[in-house]
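> the sequence isn't on hand, but the structure is:
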């Protein structure tokens with residue numbers, strides 16, 4: 001039995017993760033956190049997820065939540081995730097991170113922690129998105145030098161970071177294949193009289209509206225034809241089940257930083 005703790009259990013992804021752990025054979029939920037001061041503290045995690053009483057009380061104390069866990073699944077905020085890494089770094093426990101919006105300094109801290117404990121860190125835990133990264137590299141090798149490349153992403157109105165971590169990861173996959181530095185070639189939105197499109201750039205456009213779970217489209221547009229690689233998610237369970245799969249895979253891994261492509265053997 002693999003013991004799982006979930007952080008940010010009262011959020012949209014937290015609830016989806018609770019349901020995914022409950023429905024996956026061989027997993028046991030042993031801890032679930034909520035924010036300090038939350039009115040949900042003390043309530044049963046299963047009631048929050050709509051799966052009945054699980055005998056696991058929601059708590060703001062990560063020490064209690066993590067005590068019996070083999071793997072922590074963390075979809076929270078960069079600041080909270082780094083605090084959780086501080087808590088886990090010397091314990092030998094493992095962590096699956098789906099948090100996005102890290103700064104360069106915060107990413108460096110995450111990588112440092114992975115020298116001590118096994119970490120899976122991915123911008124998106126969907127199997128389809130992970131496969132699309134492979135397709136994007138293939139498209140970039142064949143069409144990238146002769147195409148204008150644009151990435152369009154759409155999410156629900158509550159998402160706080162933009163572009164999405166998935167969009168940025170897609171851009172990185174394309175840029176790395178083409179030998180470009182995304183930090184130098186990315187264009188985030190356009191307005192006014194900017195002139196013709198600069199060569200070797202990768203454009204990003206962001207939509208925030210309604211309850212869109214997640215949509216990503218990458219365009220390779222040249223004279224006379226256009227290739228679109230698109231992924232649409234209709235349920236957060238897609239991401240939750242992928243994160244659970246990553247947690248199961250991580251059980252047998254040594255300290256290091258892994259991504260979802262490693263989990264899937266791609």
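Done, it's in. Keep in mind that this is a model prediction, so the values were computed, not measured.
> quick one: the strands in the stretch 101-250 of the chain, in order.
Secondary structure of the stretch 101-250 of the chain by DSSP state E, counting those that start in this stretch: the strands cover 118-121, 148-155, 186-188, 202-208, 214-222, 225-233.
> what's the burial count for the closest residue in space to residue 127 that isn't next to it in sequence?
Distance criterion C-beta to C-beta, 6 or more residues apart in numbering; nearest residue to residue 127, sequence neighbours excluded, is residue 242 at 6.0 Å. Where C-beta positions appear, they are placed from N, C-alpha and C, glycine not excepted. The burial metric for residue 242, expressed as a neighbour count using other C-beta atoms under 10 Å, is 24.
> so who does residue 242 touch?
Counting by C-beta atoms under 8 Å, 6 or more residues apart in numbering, residue 242 makes contact with 124, 125, 126, 127, 130, 260.
> again with residue 42
Under the contact definition (C-beta under 8 Å, 6+ apart), the residues listed for residue 42 are 57, 58, 59.
> any idea how far residue 236 lies from residue 49?
For residue 236, the distance to residue 49 under the criterion C-beta to C-beta, to the nearest Å works out to 12 Å.
> picking up where we left off before, of the strands of the stretch 101-250 of the chain, flag the one that's most buried.
Here the criterion is mean neighbour count by mean count of other C-beta atoms under 10 Å, and of the strands of the stretch 101-250 of the chain the winner is strand 118-121, at a mean of 24.
> and that one, what does it pack against?
Contact here means 3 or more C-beta pairs under 8 Å, 6 or more residues apart in numbering; DSSP states H and E; on that basis strand 118-121 packs against strand 94-97, helix 104-113, helix 237-250, strand 256-258, helix 260-264.
> kindly compare burial across these and name the winner.
strand 94-97 (a mean of 27).
> strand partners (parallel or antiparallel) of that one?
Each strand pairing with strand 94-97, determined using DSSP bridges, is listed with its direction: strand 71-74 (parallel), strand 118-121 (parallel).
> for this structure, longest helix please?
Ranked by residue count and defined by DSSP state H, the top helix of the chain is helix 127-143.
> looking at this protein, which helix or strand is least sure?
Across the helices and strands of the chain, mean confidence by mean pLDDT, DSSP states H and E is lowest for helix 45-49: a mean of 85.
> following the chain past it, name the next helix or strand.
Under the assignment DSSP states H and E, the closest C-terminal helix or strand after helix 45-49 is helix 62-66.
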